[in-house]
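[1] Got a predicted structure plus its sequence, pasted below:
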Amino acid sequence: MCLNASLAGLVAITAGCDVTDAFGAIVIGAVSGLLVCFGVWLLDYKLHIDDPVGAVAVHMLNGIWGTLAVGLFATDTAPGYSITNAAGKTLTGLFYGGGFELMGLQLLGFGAVACWTALTMTCVFLLIKKIFGLRVTREEEMLGLDSTEHGMPSAYAGFSMVPEYIEEGSAPVLVSGNTPVAEAVTVKKMPAFDDGRPKISKVEIVCKEARLEALKNAMMEIGITGMTVTHVLGCGIQKGTPEYYRGVQIEANLLPKVQVNIVICTVPVGKVIETAKKVLYTGHIGDGKIFVYDVEEVVKVRTGQTGVEAMENFDSI
């Protein structure tokens, strides 16, 4: 917001920078700072128009204000002043004793530009809507236009994409020696529980975020009462969609996905898989993958229950 206020001041003073004195410039800048805050609030909370960078508040509202401000604060004592009417009379702003003549001319100029812009903009946008369409698909909207339009994970190329959180805990263990970690650590298979209890399975689904709501509703309909969802990055053998930077194809980056984990014991695994396939299938690359694992034990921390008993009311854990 501070940057927008500074830009708004520059936009507002541009029209009258050579015909106003220091006092006029200060007032114009102060009003522009308040106006940009009002404009952002108006678009976001009242008109519900998406303007993430505040361009309308900075450029349109303060462009109008700066144009009209000339009719208020123009003074013939400014070094670059040279405003006259057709009769050669010097015109000054309303607050400097010049009356409404200069303000009327500024209003006329603003109205002419506004009408021309509205007319041409309407014609151009109607043409674009007719030929290409004005809005992207819901899937492209969820993925973001950086990825779908430009083939990049972020428009801010060159900046590292870091996690949004830092896990707290003990310091990492320092590893020394020449033996690879994979060989140095002995992997032991834990014995499976075989006490006649129903089998517990974990189904892991990796899919596009745009399909998450439909997948969740479908799972609820077949009796799944709990799941966990994580945002992840990844790509398959196809390496995602081709990506370009300044016209040159680059190595594919990991694409945004969601990972849905479901632990089940009463709902058949096959039913979960078939339901997920039906919801996620589009026939295009990136529909997702489904992984199924055996779960050796489940422990409910709050009560100490294990196995099937720990699975009851799973969605409230």
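    That came in fine, so what should we check first?

[2] Just say helix, strand or coil for the residue lying farthest from the centre of the chain.
    Here the centre of the chain is the reference, and by CA atoms, centre = their mean the most remote residue is residue 87, at 55.0 Å. Under the three-state scheme (DSSP: H, G, I helix; E, B strand; the rest coil), residue 87 adopts coil.

[3] same question, residue 260
    Assignment for residue 260 (three-state DSSP): strand.

[4] ok, now which ones touch it?
    204, 205, 206, 207, 212, 215, 216, 227, 228, 229 (CB atoms under 8 Å, 6 or more residues apart in numbering). To be clear about C-beta, it is placed using only N, CA and C from the backbone, and glycine gets the same treatment.

[5] In strands, which of those residues fall?
    204, 205, 206, 207, 228, 229 (DSSP state E).

[6] Relative to residue 293, which of these is nearest.
    The nearest member of the ones in strands among the contacts of residue 260 to residue 293, counting by CB to CB, is residue 204 at 7.0 Å.

[7] Residue 291 is in contact with the closest one, correct?
    Yes - using CB atoms under 8 Å, residue 204 is in contact with residue 291, at 4.3 Å.

[8] all strands of the protein, in order?
    Under DSSP E, the chain gives strands at 200-207, 228-234, 243-245, 248-250, 255-264, 289-295.

[9] quick one, which of those is nearest to residue 75?
    Closest to residue 75 of the strands of the chain, according to CB to CB: strand 243-245, at 51.1 Å.

[10] if we can go back for a sec, how much space separates the residue farthest from the centre of the chain from residue 99?
    14 Å (CB to CB, to the nearest Å).

[11] so where is this structure shaky, pLDDT-wise?
    1-5, 151-197, 236-253, 312-317 (pLDDT under 70).

[12] I'd like to know how many residues surround the residue lying closest to residue 310 once chain neighbours are set aside.
    Leaving aside its sequence neighbours, residue 310 sits nearest to residue 300 (CB to CB, 6 or more residues apart in numbering; 3.8 Å). Neighbour count of residue 300, defined by other CB atoms under 10 Å: 16.
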